[in-house]
Structures are given as structure tokens and as C-alpha cells.
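Asks: task: produce atomic coordinates for the following.
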Amino acid sequence: MTNPGETRKLLIVEDDLGLTKQLKWHFTDMEVLTAATADEAIALVKSERPAVVLQDLGLPPDSEGVSEGFRCIQAILDIHPNCKILVMTGRSEEANALRAMNLGATDFFHKPVDPDMLDLIVDRSFKTYRLRELNRIDNLVVDDLVGEIRTQSPEVVRICRSVKKLAGTEITCTLMGESGVGKDVFANAIHRHSRRSDQRFQAINCAAIPENLIESELFGYEKGAFTGAAKQTPGKIECANGGTLFLDEIGDMPMLLQTKLLRFLQQRTIQRVGSTKDIPVDIRVVCATNKDLKAMVAEGTFREDLFYRICEFEIRIPPLRARGEDKLLLADYFLNETIKAYGLTHLNGFSGSARAAILAHDWPGNVRELESKIKTAAVMSDNEMVTAEDMNLTELAGCIDPYDQHMGMAPGTVTLRDARKLAEVSAIKSALDVAANITEAARILKVSRPTLYDMMTKYELEQKT
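Replies: The predicted model follows:
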């Protein structure tokens, strides 16, 4: 929804004057700029900085080719990187549209234009543009804040803002979420933006250390404290003095150690195993877990007083399946990193079926699974573009795209409309699974209750009361 007084500026780049007039008449609720050539479009982007561009690939003097269209896309994004470019293409030209997306175009749609689909794509592009601009204005560029995370999700942007605010305090916070959502990345972000950023970031996985060793790992030990203790050894807490201690999977910490950890958090002193001497330690503590700590407190498997001590502030990180098109943003990022790391210069992005499959998959392993699958697919692929088959996700691709057909696979087509449908159905189902009712599901999806009802009816999804 557009804010009151906000002007939405749209640039149409098309040499067909008849189509240009139709599009200009269609978008009467926004400021519409028009250009018939790449140079005209580039000049308008420099002077007007439109949020969204509708662009044909066949522009003069190469109206029958795509060279001017590609040049135009690259020039626009060099001038205005946040601009959202939507490519208009014929149904037989999807391969060129996919190449345009690899250059940075946001989306594509077919001629003749479906007005409802066009409105949906353009409206979403304006919303995405505005979100990115707000992040820039607030000096909270998400990529800078959390390193490898890439997001268009309002919920994840809100989390990033919380991280930025918390970083400047000494509040003990706990990151909650499924395995693989990136809790360690956010913990690192808290440390990097804190006053302790020049000191050590000490991480320990409470689930990875045997119960009989975790006490000595955390608190250290004196020489002779137990068999094999040949010398005095400081623990992880002592080594982190002045910096940040990250206790990952704290829900797996044994009850006995929970008592000792609580004492440390309250007094900020430790005792090495085999010693009675208190050692003062000045550290920031950040915790993470994939468990329901409140349920564990109720069951008596996690101390209530420790729960309130480590959860002065809770940050709940959503699973990847609830982050919509972040799947594609992250996929593109991981693919580019893999190409650079292994010199895979023959690769030129994802095929259409691969993108559809990425959107459709629930990714139970979250970001970690996505990264692993794409890295493996990229290294093993012999194609110009990573396909759904390369990722072993052919059952989710829906059908085969033109690139796959070119490679000798079964004929078929896939459109971004199909991919969006798969993504919307996946997101709605995920929200309904975790929500107690429709109202809560609508809140998770950031839509109104009536809108969610309409979408459920459209996709024939079972309703919850």
C-alpha cells in the first residue's frame, strides 16, 4: 500500500508507441516516464531516479536483437542499483529474459500483458524498493549488518534493527530458531557492532561437547584436577575476557552446568575445576537454541532462573520457508560465491525450473541446507545454468524450462507466475502450520485476515478456525 503523499515513479522503456500509450493509460495512479531508446532511458534514470522500470529488450538500433536492452539494464543498475527492472518479453524469448535477470533485472512477464499480473508485479516491486530505501535512509543496510544474510523480508529487517540496537548494550539475549537459520551469523553481528568488537568472539556449542567435558571446557581446570590434567588450562569463558561469549545450543546444557552458569552470570566470576579461587571475568554473553526453553522450564529440564537471566531479550529468527523470495536472494548469493571460490566461469545463473524449485522447496535444513545444495550443484553441473536436476529438485520444478529443453530434456515451460504460486502456497502452508489460527497466520505473513482468506480460497487450502 502506498503511503499518503508518496509518489510512485515508473519508467516505461519501449519503442512501440502504441504499447507505451496503453501502459501509460493503465498506470494512472503513479507518475509515468517514457523512453524509446536505451540512451533516453539512461538519461531519465540519472535525472528522475524512478523506483521501477518496465523495459523491452528489443530497443533501437537493435530492435530485433537484445544487445541494447542488456546494455540498458546494466547502465541503469550502475546508476541506480536499487531500481527494480521488469523485463517485457515474447513467449519464445524466455532464455533472454533469464539472461536479463542474471544481469540484475528483478522479474519478467510476457506480451501480451496480463493486467492483473502486471499490477501484482509492479506493486510488489515498489514495495521492495521502498523497503530497501528505508533501510538505506536509516543507515541500516542489511547486508552490512549481518554479513552473509541477504533479505527482502520485513521480519528479518526488523530483527536486524533489533540486533543493531542490542549491540550497543550489555543485555544478555538469546537467539531462537530452527537449526540452520543463521543464529551464529546474528550472534557475530551483535559482537561486531558492540564496543567489544576489537576483542575475542568465543563460541562454544553446548550440544557438541560430551557432558563430562563441558564443565572443564567452559570454566577451565587446575593442574591435577582430574586424570590427564597435566597443566593449568583456562576455559572458554576466561579466554573470552573482554569480548563476547556465544553459547550455542544452550538448551542442551546439563542441569548441573546450568547452576554453575547461572552463578557466573550473576556474579561474573568463575572457578576453575579443582580450584576454589574466584576469577573475575568481563564478557558479553549471547545464547542460541533450537529448543523451546519455556516448555523445557515447564518440564523441569531447564532452570527457570537461568531462563530469565539469558532471555533478557529474545530474538526469534524465522525459518527459510517463511521468508518467501529470500530463498532466491540467498540462492543467487551462494551461487555467485561458489562461482568465485571455484572459478566456475561456465555458469551463468539458475534456469527457470531451478528457480521455481528453489521457491517451492520447504528447506527443512534452512539456510545451511540451501547453501550446501547449491554449492554441490554448482560444482557438479556441466551446464551453462544450474538446473533443478542438478539440485535433485526436479519433482518440485513443476515442469521443464526452455533452457532444460535446449539441453535435451523433456519439453515444457515454466513461468515466474508458476513459481510465485508455488512460493505463496508454501508460505501460507508454513504459516498455517505454526499459527494457532487465521489471525496469527495473517500476522506472520504480514497480510490482512481477509487477504489471507482470499488467497486460501484461490489456492483451495484448508481453513483453520
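
Asks: ok, which stretches of the stretch 151-300 of the chain are strands?
Replies: 173-176, 201-205, 244-248, 269-270, 279-280, 284-289 (DSSP state E, counting those that start in this stretch).

Asks: which of those sits most buried?
Replies: Greatest average neighbour count among the strands of the stretch 151-300 of the chain goes to strand 284-289 (a mean of 26), per mean count of other C-beta atoms under 10 Å. From N, CA and C alone the C-beta is placed, and that goes for glycine too.

Asks: in its sheet, what does that strand sit against?
Replies: Sheet pairing for strand 284-289, assigned by DSSP bridges, gives strand 173-176 (parallel), strand 244-248 (parallel).

Asks: CA atoms only for that strand - export them in CSV, please.
Replies: Taking Å, rounded to 0.1, in the frame of the first residue of the first chain, the C-alpha atoms of strand 284-289 are listed here in CSV:
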residue,chain,number,x,y,z
ARG,A,284,29.1,-10.1,27.0
VAL,A,285,27.0,-13.3,26.7
VAL,A,286,24.9,-14.2,23.7
CYS,A,287,23.0,-17.5,23.6
ALA,A,288,21.2,-19.5,21.0
THR,A,289,18.9,-22.6,20.9
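
Asks: what's the angle from that strand to strand 201-205?
Replies: With axes from the mean of the first three to the mean of the last three C-alpha atoms, to 10 degrees defining the directions, strand 284-289 sits at 30 degrees from strand 201-205.

Asks: show me the domain layout of this protein.
Replies: Structural domains assigned to the chain are 9-137, 149-318, 321-419, following automatic domain parsing.

Asks: quote the end-to-end distance of stretch 88-100.
Replies: For stretch 88-100, the separation between the terminal residues is 10 Å (C-alpha to C-alpha, to the nearest Å).

Asks: where along the stretch 251-400 of the chain do the helices fall?
Replies: Listed in chain order, the helices of the stretch 251-400 of the chain (DSSP state H, counting those that start in this stretch) span 255-267, 293-299, 304-310, 326-342, 352-360, 366-380.

Asks: highest average neighbour count across these?
Replies: helix 352-360 (a mean of 28).

Asks: chain neighbours aside, what residue packs nearest to Ala75?
Replies: Here the nearest residue to Ala75 in space, its sequence neighbours aside, is Ile42; by C-beta to C-beta, 6 or more residues apart in numbering that works out to 4.8 Å.

Asks: roughly how far does that neighbour sit from Ile76?
Replies: Between Ile42 and Ile76 the computed distance is 7 Å (C-beta to C-beta, to the nearest Å).

Asks: now do the buried residues in the lengthiest helix in the chain.
Replies: Once the chain is assigned using DSSP state H, the helix that runs over the most residues is helix 115-137. Within helix 115-137, the residues that count as buried by 16 or more other C-beta atoms under 10 Å are 118, 121-122, 124-132, 135.

Asks: give me the distance between Ala43 and Thr338.
Replies: Between Ala43 and Thr338 the distance, using C-beta to C-beta, works out to 37 Å.

Asks: hmm, I typed the wrong one, I wanted Ile444.
Replies: Distance of Ile444 to Thr338, given as C-beta to C-beta: 31 Å.

Asks: before we move on, back to that, looking at the domains of the chain, which is closest to Asp454?
Replies: Comparison of these against Asp454 by C-beta to C-beta identifies domain 9-137 as nearest, at 13.1 Å.

Asks: any idea how far that closest one is from the middle of the chain?
Replies: The offset between the C-alpha centroid of domain 9-137 and the centroid of the whole chain comes to 25 Å, using C-alpha atoms, centre = their mean, to the nearest Å.

Asks: could you verify my assumption that Gly242 touches Gln202?
Replies: No. Assessed by C-beta atoms under 8 Å, Gly242 is found out of contact with Gln202, at 10.3 Å.

Asks: what about the protein, any weak spots by pLDDT?
Replies: Residues of the chain meeting the criterion pLDDT under 70: 1-6, 91-92, 132-149, 395-420, 422, 433-434, 436, 462-465.

Asks: nearest to Leu306 among the buried residues of helix 115-137?
Replies: Proximity of the buried residues of helix 115-137 to Leu306, judged by C-beta to C-beta, is greatest for Asn135, which lies at 35.4 Å.

Asks: who's in contact with the residue of the chain positioned farthest from its centre?
Replies: No residue in the chain sits farther from the centre than Gly224, which is 48.9 Å out by C-alpha atoms, centre = their mean. Residues touching Gly224, when contacts are defined by C-beta atoms under 8 Å, 6 or more residues apart in numbering, comprise Gly274.

Asks: can you give me phi and psi for it?
Replies: Backbone geometry at Gly224, expressed as degrees, to the nearest 10, gives phi 80, psi 10.

Asks: state the distance from it to Glu215.
Replies: Looking at Gly224 against Glu215, where the rule is C-beta to C-beta, the gap reads 16 Å.

Asks: again, but for Leu33
Replies: From Leu33 over to Glu215 the distance is 67 Å, taken as C-beta to C-beta.

Asks: what do you get for Ile358?
Replies: Here the distance between Ile358 and Glu215 works out to 43 Å (C-beta to C-beta).
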